[in-house]
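A.B. asks: Any chance you could fold what I've pasted below:
(one chain, ligands or ions: 1)
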Amino acid sequence: MQRTSCVARWASYAGGRAPGESCSDEATTKLGDAWFCDHHYNRALDAARAALRREREADESFGWNYESRRWDADASESVYYVLRPADSLIKIGYSAHIRTRLTMLRWEHGELELLLTHRGERDTEHVMHKRFKDLRVVGEWFQPGKPLVAWILEARRHQSRMRPPGLLPGTVPLADLPKMLRVASRQSKRSRSPAETATKNVPTGEDQEP
Ligand SMILES: [Zn+2]
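C.D. replies: Prediction:
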């Protein structure tokens with residue numbers, strides 16, 4: 001029987017091999033369409049397990065259960081709205097890997113509440129940034145002003161009527177959003193220039209999609 005060689009390439013210096021060098025050790029196991037030696041087979045399994053673990057942690061930290069995963073089966077590109085309780089600012093962002101993105105944002109900013117996600121590409125994100133530009137504080141962070149909160153409430157209500165639900169749920173209960181809108185409405189009556197009050201809490205700037 002012909003000997004099959006491992007197709008992996010070394011990514012770092014290990015066992016006298018240089019990065020980029022083909023392994024070519026005797027392959028023992030087929031993974032998908034490719035053959036691997038014992039070492040690289042186990043490395044691939046470890047990587048897959050780590051990826052699953054990260055995904056599970058992302059689910060848990062945002063209150064998604066396994067069942068709700070199917071909701072985003074086709075929502076690979078999403079626009080998201082997260083509230084940072086520390087200063088009540090709302091970030092409008094885009095991601096093609098929303099769970100991972102939200103987990104990373106939490107590492108960066110601490111506690112975050114997910115207000116809304118909807119399908120959308122980079123263009124949709126830009127449209128939303130433009131739509132709420134009067135509320136912009138810095139980068140992708142916006143004041144929780146009336147137009148923005150009203151939009152979030154409207155979209156969430158729309159999503160709650162969809163059968164089956166086609167979008168990711170927010171972690172903030174829909175029932176809490178009308179109160180948030182009342183607060184925003186009161187504040188926008190008090191202050192006609194949101195930009196003035198916005199400079200008190202300057203968060204970190206615009207983040208880039210990893
Ligand atoms: Zn190998």
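A.B. asks: Please count neighbours and contacts with C-alpha atoms only from this point.
C.D. replies: Noted.
A.B. asks: so where's this protein shaky on pLDDT?
C.D. replies: For the chain, the stretches with pLDDT under 70 are 1-2, 55-76, 162-170, 190-210.
A.B. asks: Identify the residues contacting the longest helix along the chain?
C.D. replies: Determined from DSSP state H, the single longest helix within the chain is helix 38-61. Outside of helix 38-61, the residues within contact range by Cα atoms under 8 Å, 6 or more residues apart in numbering are 6, 8, 27-29, 31, 65-66, 99-100, 102-103.
A.B. asks: Go back to these and keep what's next to the ion.
C.D. replies: Of the residues in the contacts of helix 38-61, proximity to the ion by Cα under 5 Å from the ion holds for residue 6.
A.B. asks: Now, of the contacts of helix 38-61, which are buried?
C.D. replies: Among the contacts of helix 38-61, those classed as buried by 16 or more other Cα atoms under 10 Å are 6, 8, 27-29, 99-100, 102-103.
A.B. asks: Can you pull the phi and psi angles for residue 8?
C.D. replies: The phi and psi values for residue 8, taken as degrees, to the nearest 10, are phi -70, psi 160.
A.B. asks: That one - nearest residue in space that isn't next to it in sequence?
C.D. replies: Sequence neighbours aside, residue 23 is the residue nearest to residue 8 in space, at 5.5 Å (criterion: Cα to Cα, 6 or more residues apart in numbering).
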